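Enquirer: let me see the structure of the following:
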Amino acid sequence: MALLVCLSLVAGLLTAFYYWTKKKFSYWSNKGVIGPTPLPIVGNFGTVMLQQESAQLYVKKVHLKYKGEKLVGIYRGSQPAILVRDPELIKHVLIKDFNIFQDRGISTSSSRLSDNLFGADGEIWKILRQKLTPVFTSRKLKDMIPLILKCSNSFTKYVDNLIEKNVEHEIRSLTSKYTLEVIGSCAFGLDLNTVSDEENEFSLIPKKIFKPSIYVRTLVILDMIIPGIKKKFNTSSEIQDFFVNLVRSVIHERKGKPSNRKDFMDLMIELREQGKASRRKEDGVSEIEIDDLMIAAQSLVFYTAGFETSAASMSFLIHEMALNPEIQERIHDEVCRVYEKYNGELTYESTKEMPYLDMVFDETLRKYSVAGILFRKSLADYTFPGTDVTIPKGMPVMISANGLNADPEYFPNPNEFNPENFSPENKKNIPQCAYMPFGEGPRNCIGLRFAKVQSMLGTAAFFKHFKVEPSSKTKRVLEYDPKGIVLVTAHGIWVKISKR
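Expert: Numbering: from 1, shown residues only. So this is what the prediction gives:
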């Protein structure tokens, strides 16, 4: 009898689970939206949860599979989400109907570090965007050029010494030394001395951010299955402590007052002196407290975005130049002409006189989208224009940047590295929102000009002095780390560097 009761209970639970699953995973089919077939519990992200492929490469695969579809229905665990493929609809999400899609909806942490310009939503994001925009004016960028050039000179000297050893070089680790030095100098006024063989806490902390522990990765997986569970756990105390201590150290060094550097930390100290930052709106004034934790949160996103994405893009560019020597020589010739025109010293204006390097940089960002998914959350029920598809308030929205960049509808032979995709005559034919390396609309990357300037100056200095070619470890087709938060190669990016 007891066995019969147990069997009946199991059968009942399995039946209930079956109908629950059927109801949960019939959401998109009931709306007539096609998409990949989900599996129980994991939805469409089983391979991501098992760390067999990264989320951005999986979403790219889905984007490319459903050619001709404007919208694709997917399931993140049991939660429905929608993938927007069509550039016109993407334009509505990111620009025209921005008021409905202004939030990313990606914060799953209880830590105040999530109150940063990238992850924050609502009024916190609006205030931060308004207050931090002055850091990236053309005038501020011009003031930073001498600091960036000092870092690029240190970088080329370091590489020059490495070449004497006549060994193969992992280029991602080299470019990260340069970009981390730039961020330390331009954002925090620090000489980090990362362009050396020595490792310090500043060069080690990115590994903890971009290569999270098994514990943190497990919580991320559980959060896909049970949305919101990650907020119940604090997963960033070590990272938070690092940035809070960094902020307090800089503030102490500047005696609590802005210096004459006019850098990121100066602006944050000015806001800290005010105590609160506010924004006027129709129904009153919104305020947020600017304390050390709030400054640490902004420092985190400036540090990681300015360091990691630029280092990755530079390394992918150098990899392609090793495989495309004719393009590399054309860059070298252009850079040498500009150096000669400006008496051997680059300037802010000189970056605008390297159009071919700019094309190569854009093509690198197309072929290797470091941050491959744009996330948004609907703040109201919304019907996509020209369709009968309505999504409810709170629905996650995804856009695959690397899917668009690999779509032959917009880029012929997308697997080929071809800077001519961005020649003046071809660039104007790319639909708006089909190429968005820095996002699009009011919530695009605030530091896009800084990122491009630091990358172009570093790249120009590198190819002025050095030549790269394939080494015995060079892979023509790169393999990617399935655990990577951003686009990271599984085995590094190897080239052989020689002096010019």
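
Enquirer: now do the contacts for the nearest residue to E440 once chain neighbours are set aside.
Expert: Excluding the flanking residues, the one nearest E440 by C-beta to C-beta, 6 or more residues apart in numbering is L94, at 4.6 Å. (C-beta placed from N, C-alpha, C; glycine too.) Applying C-beta atoms under 8 Å, 6 or more residues apart in numbering to L94 gives the contacts F101, L374, R376, I399, C433, M436, G439, E440, G441, R443.

Enquirer: isn't there a strand covering L94?
Expert: No: secondary structure of L94 (DSSP: H, G, I helix; E, B strand; the rest coil): helix, not part of a strand.

Enquirer: coming back round to it: quick one: which two of the contacts of L94 are the most distant?
Expert: F101 and M436 (14.1 Å; C-beta to C-beta).

Enquirer: of these two, who's got more company?
Expert: It is F101, of F101 and M436, that has more neighbours when counted by other C-beta atoms under 10 Å, with 24 against 21.

Enquirer: what secondary structure does the residue nearest to the spatial centre of the chain sit in?
Expert: Of all residues in the chain, the one closest to the mean position by C-alpha atoms, centre = their mean is A371, 3.6 Å from it. Three-state call for A371 (three-state DSSP): coil.

Enquirer: and the residue nearest to it when sequence neighbours are not counted, backbone torsions?
Expert: Excluding its sequence neighbours, the residue lying closest to A371 (C-beta to C-beta, 6+ apart) is V486, at 5.6 Å. Dihedral pair for V486: phi -110, psi -180, per degrees, to the nearest 10.

Enquirer: show me the contact partners of stretch 189-205.
Expert: 151, 154-155, 157-158, 176-178, 180-181, 184-185, 239, 242, 250, 254, 259, 261, 263, 265.

Enquirer: the lengthiest helix in the chain packs against which elements?
Expert: Ranked by number of residues, the top helix in the chain under DSSP state H is helix 138-163. Packing partners of helix 138-163 (3 or more C-beta pairs under 8 Å, 6 or more residues apart in numbering; DSSP states H and E): helix 171-188, helix 448-465, strand 466-469, strand 494-499.

Enquirer: need the winner for burial among those.
Expert: helix 171-188 (a mean of 24; mean count of other C-beta atoms under 10 Å).

Enquirer: kindly export the helix or strand just after it (C-alpha atoms) in PDB.
Expert: Stepping forward along the backbone from helix 171-188, the first helix or strand reached (DSSP states H and E) is helix 201-210. Output of helix 201-210 as PDB, limited to C-alpha atoms (Å, rounded to 0.1, in the frame of the first residue of the first chain):
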ATOM      1  CA  GLU A 201      46.400  44.200  -7.400                       C
ATOM      2  CA  PHE A 202      45.300  46.500 -10.300                       C
ATOM      3  CA  SER A 203      46.100  43.900 -12.900                       C
ATOM      4  CA  LEU A 204      44.700  41.000 -10.900                       C
ATOM      5  CA  ILE A 205      41.300  42.400 -10.100                       C
ATOM      6  CA  PRO A 206      40.000  42.200 -13.700                       C
ATOM      7  CA  LYS A 207      40.500  38.400 -13.600                       C
ATOM      8  CA  LYS A 208      38.100  38.300 -10.600                       C
ATOM      9  CA  ILE A 209      35.600  40.400 -12.400                       C
ATOM     10  CA  PHE A 210      35.700  38.700 -15.800                       C
END
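
Enquirer: in helix 201-210, which residues are buried?
Expert: F202, S203, I205, P206, I209, F210 (16 or more other C-beta atoms under 10 Å).

Enquirer: and if you look at stretch 390-406?
Expert: By neighbour count on 16+ other C-beta under 10 Å, the buried set for stretch 390-406 is 391, 395-406.
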